[in-house]
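Engineer: Requesting a structural model of the entry that follows:
(one chain, ligands or ions: 1)
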Amino acid sequence: MSGLSFGSYYPMKEIDVETASFVCLPITSNKSGMKLLARNDLYLRYLTEYESIPGWVSYGIFYILWVIIRFQYEELHINDGAIGEIGVHAGKLTSYLYLLRHLNKKQKLFAIDVFGKKELNIDKSGDGDRKVFLSYIQRYANVTADEVNIYEGSSLDLNSDFSKNLEAQRWWKTTIKRDRGCQLVSIDGGHTTLTTYSDMCVISNSLVDGGVVMVDDIDNPEWLGVRDGGKPGFNRGCYEACL
Ligand SMILES: C[S@@+](CC[C@H](N)C(=O)[O-])C[C@H]1O[C@@H](n2cnc3c(N)ncnc32)[C@H](O)[C@@H]1O
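Structural biologist: This is a model prediction of the structure:
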């Protein structure tokens, strides 16, 4: 399908079969659309304006996430686990994750980023801004500030092995993890070995049965800390899923 325009909303120059399938799903399948909170025009807006949103997200991930969430909803009947991201920057990927939330609104939405506490961003990965983040999730996922649980600080605070920040750990346990756990999480915060390892431990210990954690930059040679911190966990097979 390379080189085709895809309907009036999608004047894409290059579009592969996978992307095309992804684009088709939310707009043509009423059944799918009805199961999701996001209305189709939100998808359209996100997809058509996606390139102008600041951040780092490859197009191919959308189809994979769409399939994962449908599998969780339709086959595993998980529709109440938390959805969120560590390291949100302007919310480019987070907006998409939030778009996938279920109509029943039982899922906690969360975001963890150092935002204004720049000194905690020790490897200078990205440059999150709380106000900008909130404006993008509002525009692209129709999520308001009071619907998202934000932790402004280092994600290391959530791990009692590396931090004595009991308040942050309590927030994670009682507000996000609760008695249920996480359903779909992206790890894309600090890119050091320690931070990635810690984030993997926190999230993998918080997943619902059938939950998925994804780690950005795991094979990016510019961020070897992610490989070193992330892969040991995957190799030990202690995580629920690996993308
Ligand atoms: C690569 S960017 C994230 C990109 C984003 N996921 C997207 O969709 O474009 C990394 C983000 O992690 C944040 N960050 C860096 N160190 C962190 C830490 N230790 N804890 C939490 N967030 C951190 C930065 O402020 C930045 O917003």
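
Engineer: export the lengthiest strand in the chain as CSV, just CAs?
Structural biologist: The residue-count maximum for a strand in the chain (DSSP state E) belongs to strand 207-215. What follows is strand 207-215, C-alpha atoms only, in CSV (Å, rounded to 0.1, in the frame of the first residue of the first chain):
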residue,chain,number,x,y,z
LEU,A,207,1.3,-5.5,36.9
VAL,A,208,-2.1,-7.2,36.8
ASP,A,209,-2.0,-10.7,35.4
GLY,A,210,-1.9,-10.0,31.7
GLY,A,211,-0.5,-6.5,32.1
VAL,A,212,2.1,-5.2,29.8
VAL,A,213,5.2,-3.0,30.3
MET,A,214,7.1,-1.5,27.4
VAL,A,215,10.6,0.0,27.6
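
Engineer: what's downstream of it, the next helix or strand?
Structural biologist: helix 224-235 (DSSP states H and E).

Engineer: Which strands and helices lie in contact with that following helix?
Structural biologist: Applying 3 or more C-beta pairs under 8 Å, 6 or more residues apart in numbering; DSSP states H and E, we find helix 224-235 packed against helix 193-204. (Glycine included, C-beta is placed from N, CA and C.)

Engineer: so which strand or helix has residue 162?
Structural biologist: With DSSP H and E as the test, residue 162 turns up in no helix or strand.

Engineer: wouldn't it be in contact with residue 192 here?
Structural biologist: No. At 11.5 Å, residue 162 and residue 192 do not qualify as touching, with contact defined as C-beta atoms under 8 Å.

Engineer: tell me, what's touching those two both at once?
Structural biologist: Between them, residue 162 and residue 192 share no contacting residue under C-beta atoms under 8 Å, 6 or more residues apart in numbering.

Engineer: near the ligand, which residues of this structure?
Structural biologist: 55-57, 85-89, 92-93, 112-114, 120-121, 125-128, 154-156, 188-190, 195 (C-beta under 6 Å from any ligand atom).

Engineer: in this structure, which helix has the most residues?
Structural biologist: helix 60-74 (DSSP state H).

Engineer: Which strands and helices lie in contact with the helix or strand following it?
Structural biologist: Next in sequence after helix 60-74, counting helices and strands by DSSP H and E, comes strand 82-86. Judged by 3+ C-beta pairs under 8 Å, 6+ apart, strand 82-86 is in contact with helix 92-99, strand 109-113, strand 182-187.

Engineer: Given strand 82-86, what are its sheet partners and their directions?
Structural biologist: Sheet pairing for strand 82-86, assigned by DSSP bridges, gives strand 109-113 (parallel), strand 182-187 (parallel).

Engineer: angle of it against helix 60-74?
Structural biologist: In terms of direction (axes from the mean of the first three to the mean of the last three C-alpha atoms, to 10 degrees), strand 82-86 departs from helix 60-74 by 160 degrees.

Engineer: Flag every buried residue along strand 82-86.
Structural biologist: In terms of neighbour count (16 or more other C-beta atoms under 10 Å), strand 82-86 has its buried residues at 82-86.

Engineer: What lies in contact with that strand?
Structural biologist: For strand 82-86, the external contacting residues (C-beta under 8 Å, 6+ apart) are 93-94, 97-98, 100-101, 107-113, 149, 155, 176-178, 180-189, 199, 203, 206.

Engineer: I'm done for today, thanks for sticking with me.
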